[in-house]
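Visitor: Turn this into a model:
(one chain, ligands or ions: 1)
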Amino acid sequence: MTDPRPYVLLSAAMSVDGRIDDSSPERLLLSSPEDFDRVDELRAQSDAVLIGAGTLRSDDPRLLVNAPARQARRKAEGRPEQPLRVVLTGSGDLDPARRFWHHGDARVAYAPDAATGALAARLGALAEVVGTGARLDPGAVLDDLGARGVRRLMVEGGGAVHTLFLTAGLVDEIQLAVAPFFVGDADAPAFVRPGLFPQDAAHRMTLAGTSALGDTALLRYLVARPPLTPADRRLLAEAVAESRLCPPSDTAYSVGALVVAEDGTELARGHSREGGDPKVHAEEAALAKIPADDPRLPGATLYTTLEPCSVRASRPTPCAQLVLASGIRRVVLAWREPALFVADCQGVELLEQAGVTVLECPELAAEARAVNAHLG
Ligand SMILES: Nc1nc(O)c(N)c(N[C@@H]2O[C@H](COP(=O)(O)O)[C@@H](O)[C@H]2O)n1
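Guide: Predicted coordinates for the structure are as follows:
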């Protein structure tokens, strides 16, 4: 059995205009003393505290539990005095001279596999360096932290890391402190960057508490982790629209597929029998339009109106294998293939066995079937 992923608490302070810093080199103090004390208590309750490389460069925080009483409490509970301190980097460009590396106990740096060699050489004994695959994958970070026994993770910024975890649907709770002033600087970093957030106007977070900490307002939100986001439903509906472009056939399904990068950029779309090719499948047509070495593929989602095929007469490689070969790790589909042309399509099983997350969206199954109503 795999270890559970940690509970993820994202803690941030921002100005009333949504900025977590200004654009000057000095660190901007947003919180009141009372709110800094709350942050210290949250750290004391956490097994690990995580920041991104940008925050390490701009703030160089020590990321420690400061209050001796809290350190003593952790020790009395049989825990290390300080939580595990974690940094995420996409480039591996981390400066070993920073204060962060020279305080506290254990440290881990996560980076894409390609960056780990140079980073490990640079950091030496200062931290353990762990690869997260072809990209900086927050899910892989949580899996690894879970395996280390981390049950409660505090994410402390900055905006890129907030966005990475929130858009991936990996945050359980947000504690957002709002400082009573404006930054008013377009170049100042914002609480989050643009992205496809599962929580939108139609899918609101639960406001679990509000309090005043000195002059700072604390908002506590509970964030349900929806497996399927509103953006997933919209993009799968786009795949259904794509399936309506298929040249009709009495002997094959009409399927539509989209490949969408993590930041919402559509990489390609395709449909069955596209471009006058009677044999091409929708997923195959879409994947063929993306260079195999596109670094966005491992973070991308394939949206398809029908389960990717597992056996195929028309061509040697079934679509489930093409998806695996592409490096895509997430598939959203509307409809499992009925036993009409093949007795038992195993596309979902093949993908899941290889560790791909497969999500079904039953709300769109009827629409995907309707495009194929003539097949009976
Ligand atoms: N997922 C998917 N996408 C398409 O575009 C398709 N045409 C199909 N069809 C299914 O794939 C299997 C083999 O098809 P061939 O007839 O050998 O091309 C079979 O299960 C079809 O129903 N699937």
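
Visitor: Look up the closest residue to the residue sitting nearest the centre point of the chain, ignoring the ones flanking it.
Guide: Geometric centre of the chain, nearest residue: residue 168, 2.7 Å, by CA atoms, centre = their mean. Nearest residue to residue 168 in three dimensions, chain neighbours excluded: residue 138, at 5.0 Å (CB to CB, 6 or more residues apart in numbering). Bear in mind the C-beta positions are built from the backbone N, C-alpha and C, glycine included.

Visitor: The one you found: what's it in contact with?
Guide: 88, 164-165, 168, 170 (CB atoms under 8 Å, 6 or more residues apart in numbering).

Visitor: Of these, which belong to helices?
Guide: Of the contacts of residue 138, the ones assigned to helices by DSSP state H are 164-165.

Visitor: May I see the contacts of residue 138 organised as JSON lines, with distance to residue 73 added?
Guide: Formatted as JSON lines, the contacts of residue 138 follow (distance: CB to CB, whole Å):
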{"residue": "88", "distance to residue 73": "28"}
{"residue": "164", "distance to residue 73": "31"}
{"residue": "165", "distance to residue 73": "27"}
{"residue": "168", "distance to residue 73": "32"}
{"residue": "170", "distance to residue 73": "28"}
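
Visitor: got a winner among the contacts of residue 138 for most neighbours?
Guide: Within the contacts of residue 138, residue 88 tops the neighbour count with 25 neighbours, counted by other CB atoms under 10 Å.

Visitor: my guess is that residue meets residue 162, correct?
Guide: No - using CB atoms under 8 Å, residue 88 is not in contact with residue 162; the gap is 11.5 Å.

Visitor: so how far is stretch 62-72 from its chain's centroid?
Guide: Put simply, stretch 62-72 sits 30 Å off its chain's centre (CA atoms, centre = their mean, to the nearest Å).

Visitor: Give me the distance between the two termini of it.
Guide: In stretch 62-72, first residue to last residue: 18 Å (CA to CA, to the nearest Å).

Visitor: contacting residues around that stretch?
Guide: 37, 40-41, 43-44, 49, 51, 74, 81-83, 85, 99-100, 103-104, 156.

Visitor: try 7 Å
Guide: Applying CB atoms under 7 Å, 6 or more residues apart in numbering, the external contacts of stretch 62-72 come out as 40-41, 43-44, 49, 51, 74, 81-83, 85, 99-100, 103-104, 156.

Visitor: Quick check: buried residues in that stretch?
Guide: Of all the residues in stretch 62-72, those buried under the rule 16 or more other CB atoms under 10 Å are 63-65, 70-71.

Visitor: and the residue in the chain sticking out farthest from the centre, which of the three is it?
Guide: Distance from the centre of the chain peaks at residue 250, with 40.4 Å (CA atoms, centre = their mean). Classification of residue 250 using DSSP: H, G, I helix; E, B strand; the rest coil returns coil.

Visitor: just residue 211 next, same as before
Guide: strand.

Visitor: switch to numbering from 720
Guide: That works, and once the first residue is 720, the last one we named lands at residue 930.

Visitor: That one: neighbouring residues, count only.
Guide: Counted with other CB under 10 Å, residue 930 comes out at 13.

Visitor: go on, the one 10 residues further on?
Guide: Using other CB under 10 Å as the criterion, residue 940 is surrounded by 18 other residues.

Visitor: that older thread, intersection of neighbour lists for residue 807 and residue 881?
Guide: With contacts defined as CB under 7 Å, 6+ apart, no residue is shared by residue 807 and residue 881.

Visitor: Spell out the residue ranges of the helices in the stretch 820-969 of the chain.
Guide: 832-842, 857-866, 878-886, 949-962 (DSSP state H, counting those that start in this stretch).

Visitor: Just send those helices back as TSV, with distance to residue 1008 and mean pLDDT too.
Guide: Shown next, in TSV, are these (distance: least, CB to CB, whole Å; pLDDT from 0 to 100):
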stretch	distance to residue 1008	mean pLDDT
helix 832-842	24	97
helix 857-866	26	93
helix 878-886	24	95
helix 949-962	13	94
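
Visitor: Of the ones you listed, which stretch is the most buried?
Guide: Compared across the helices of the stretch 820-969 of the chain, helix 878-886 shows the largest average neighbour count, a mean of 22 (mean count of other CB atoms under 10 Å).

Visitor: How far off centre is that helix?
Guide: Centroid separation between helix 878-886 and its chain, computed with CA atoms, centre = their mean, is 8 Å.

Visitor: Give me the contact list for it.
Guide: Contacts of helix 878-886 (CB under 7 Å, 6+ apart): 727, 729, 731, 739, 770-771, 773, 807, 857, 874, 890, 908-912, 914-916.

Visitor: if you set the cut-off to 8 Å instead, what comes out?
Guide: By CB under 8 Å, 6+ apart, helix 878-886 touches 727, 729, 731, 739, 769-771, 773-774, 807, 855, 857, 874, 890, 908-912, 914-918, 942, 981-982.

Visitor: So the one helix or strand in the chain whose mean pLDDT sits lowest, near the ligand or not?
Guide: Ranked by mean pLDDT, DSSP states H and E, the weakest helix or strand in the chain is strand 1076-1079, scoring a mean of 90. No - applying CB under 6 Å from any ligand atom, one finds strand 1076-1079 separated from the ligand by no less than 12.7 Å.

Visitor: Within its sheet, name the partner strands of that strand and how each one runs.
Guide: Here strand 1076-1079 has these sheet partners by DSSP bridges: strand 1049-1054 (parallel).

Visitor: model confidence over the partner strand, on average?
Guide: The pLDDT scores in strand 1049-1054 average 96.

Visitor: Also stretch 738-748?
Guide: For stretch 738-748, the mean per-residue pLDDT is 91.
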